[in-house]
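# Here is my input, please return the structure:
(one chain, ligands or ions: 2)
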Amino acid sequence: MASAAAPTTFSLLHSTTPASSSSATSASPSRVQLSSSLRSRPLARRLGFAAADPLLAANVAARVAAVRGGKGARGVVSMAKKSVGELSAADLKGKKVFVRADLNVPLDDNQNITDDTRIRAAIPTIKHLIQNGAKVILSSHLGRPKGVTPKYSLAPLVPRLSELIGIQVVKAEDSIGPEVEKLVASLPDGGVLLLENVRFYKEEEKNDPEHAKKLASLADLFVNDAFGTAHRAHASTEGVTKYLKPSVAGFLLQKELDYLVGAVSSPKRPFAAIVGGSKVSSKIGVIESLLEKVDILLLGGGMIFTFYKAQGLSVGSSLVEEDKLDLATSLLAKAKEKGVSLLLPSDVVIADKFAPDANSKVVPASAIPDGWMGLDIGPDSVKSFSEALDTTQTIIWNGPMGVFEFDKFAVGTEAIAKKLADLSGKGVTTIIGGGDSVAAVEKVGVASVMSHISTGGGASLELLEGKELPGVLALDEAVPVAVRSKL
Ligand SMILES: Nc1ncnc2c1ncn2[C@@H]1O[C@H](COP(=O)(O)OP(=O)(O)O)[C@@H](O)[C@H]1O
Ligand SMILES: O=C(OP(=O)(O)O)[C@H](O)COP(=O)(O)O
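Ligands and ions are numbered 1, 2, ... in the order given. This is a model prediction of the structure:
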């Protein structure tokens, strides 16, 4: 780390990330005074974790001050995270590497993977490690199990993982304990052991230090490549970094930050966000910050019924977060105050049960009968959303517009996916984030035309809010390299 006495400008260690699709822009020099060498580099490569203004500026200023550690230093310093690409065979051969990935893929009722985007995205880091002779201990969560739940086992992922990596992946029945230790001990150099769902232990989400220690005890070093879970401070994402050195960023994590920090810190305007899906309680709070960033906010999916109910409408048996009604009311008021055009669907597709063969009909949002639930946005809403999107230059989308897994309720999501594909072709920046949103876009066959497919929905929204992602923050910083000042 830079010493207070060093009269130099520091620059970033060269990153060997292989797959950066960065179109990140430089930070506005008016926000933070950076050296010219740093200014020319993509923002996320310099920061490794933070996002846009104003939090970004405050964060960078604070960290620069902390690193300077005293008066008289004329330089600035890079806060990039150490990359797995900086680790070579000399660092990795024979080493046990705990890799946290986000393999939280959608599965159908027969445990078939319906979209493997997150598995494919994890492969470059795993391949780099095995090609350099490491023993890979791969971990992930799947869903939100309460205790050991067979339907959330990672076992269905083994064939696809093995196929993509090119070797047979060994599967453990647990994520800690003597049986896992035996499997780790018998793992050859270049082998991969997949641990069972880390969320089978409640201590995982509590970030219990003792539990983190047990996970960490399996390995010598840590690679976090779970961008989709980087907004969670859990034992396998944040806790283990306290016990494993080095703790470095995987290629996917870096690639996501490279793209997203740049794209959302200085977006081409008008800038729209589309928020839907079913994780209402974890995403409704994000809306408040989005109102500071975006010009247009479109709400769909399970998110909308809390807003309708807050306005006094009947929502039947639709998904509602009762304890967020006041928040919804205040968000509507805030949008007005900020001049953000917040659009709620004017019509919805309702169903008499949550099933693919439910009876369904389109009704105005103000006319949902008792006993019926809203499972998609209606045609008028698709039309007004499309018109609003026509005016934009940047769009970030997280959360499907309806229960797209059932064909009857996939129309709204598919129409919005096609609209974004169409706008991508016209030069609009389109960013799709989240396991299910990406699955929906893949289902329509338009993923390849979007500007960026992100493996994190909540994570990309929190990044957009300007929040630090704990899973990234906890990683080691890249060692700054001194560059002689010409002054
Ligand atoms: N109106 C709705 N009611 C209940 N669930 C919904 C509704 N609309 C969308 N969903 C569900 O939301 C889920 C995706 O939500 P979420 O996890 O927040 O998205 P992502 O994974 O893209 O971040 C899908 O499984 C979809 O069926
Ligand atoms: O699917 C995920 O998030 P996302 O739906 O916001 O993309 C991640 O795997 C994180 O899962 P979590 O929201 O249960 O912590």
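# hey, what's the residue lying closest to Phe271 once chain neighbours are set aside bridged with?
Counting by C-beta to C-beta, 6 or more residues apart in numbering, Phe271 lies nearest to Thr394, which is 4.6 Å off, once chain neighbours are set aside. For glycine as for every other residue, the C-beta is placed from the backbone atoms N, C-alpha and C. Taking DSSP bridges, one finds Phe271, Thr429 as the beta-bridge partners of Thr394.
# mind listing what Thr394 touches?
263-264, 267-272, 428-429, 431 (C-beta atoms under 8 Å, 6 or more residues apart in numbering).
# Same question for Gly378.
345-349, 362-363, 412.
# same check, this time on His211
Contacts of His211 by C-beta under 8 Å, 6+ apart are 176, 201, 203-204, 235, 239.
# buried sites along the helix or strand hosting it?
Counting by DSSP states H and E, the element that carries His211 is helix 209-216. The neighbour-count check on helix 209-216 (16 or more other C-beta atoms under 10 Å) flags 211-212, 214-216 as buried.
# now it: mean pLDDT?
The pLDDT scores in helix 209-216 average 98.
# cool, stretch 100-117 as well?
97.
# Checking the residue of the stretch 251-400 of the chain found nearest ligand 1 next. Helix, strand or coil?
Taking C-beta to the nearest ligand atom as the measure, the stretch 251-400 of the chain has Gly277 as its residue closest to ligand 1, at 2.4 Å. Classification of Gly277 using DSSP: H, G, I helix; E, B strand; the rest coil returns coil.
# Thr125 and Asn224 touch, don't they?
No. Between Thr125 and Asn224 there is no contact under C-beta atoms under 8 Å: 9.5 Å.
# okay, and the common contacts of these two?
Gly250.
# which of these two has more neighbours?
Higher neighbour count among Thr125 and Asn224: Asn224, with 31 against 28, using other C-beta atoms under 10 Å.
# any idea how far that one is from Lys202?
Per C-beta to C-beta, to the nearest Å, Asn224 is found 21 Å from Lys202.
# Quick check: pLDDT value at the residue nearest to Lys146 when sequence neighbours are not counted.
Closest residue to Lys146 apart from its sequence neighbours, by C-beta to C-beta, 6+ apart: Lys202 at 7.9 Å. In this model, Lys202 is scored at 98, pLDDT.
# who in the stretch 251-400 of the chain is up against ligand 1?
Selection of the stretch 251-400 of the chain residues close to ligand 1 by C-beta under 6 Å from any ligand atom yields 276-279, 301-302, 319, 374-375, 398-400.
# Drop anything exposed from those residues.
Looks like these have 276-277, 279, 301-302, 319, 374-375, 398-400 buried, using 16+ other C-beta under 10 Å.
# so which of those residues comes closest to Ser140?
Of all those, Lys279 has the smallest distance to Ser140: 18.0 Å, by C-beta to C-beta.
# give me phi/psi at the closest one?
Dihedral pair for Lys279: phi -80, psi 60, per degrees, to the nearest 10.
# Now do the same for Gly167: helix, strand or coil?
Small correction: residue 167 is Ile, not Gly. Classification of Ile167 using three-state DSSP returns coil.
# Apart from its chain neighbours, what residue comes closest to it?
Among residues not flanking Ile167 along the chain, Val192 sits closest, at 6.5 Å (C-beta to C-beta, 6+ apart).
# Touching, that neighbour and Ser139? I think so.
No. Using C-beta under 8 Å, Val192 is not in contact with Ser139, being 11.3 Å away.
# In the stretch 101-250 of the chain, which residue sits nearest ligand 1?
The nearest approach of the stretch 101-250 of the chain to ligand 1 comes at Pro106, 7.5 Å away (C-beta to the nearest ligand atom).
# contacting residues for that residue?
If a contact means C-beta under 8 Å, 6+ apart, then Pro106 has 113-115, 405, 435-436, 439 as its contacts.
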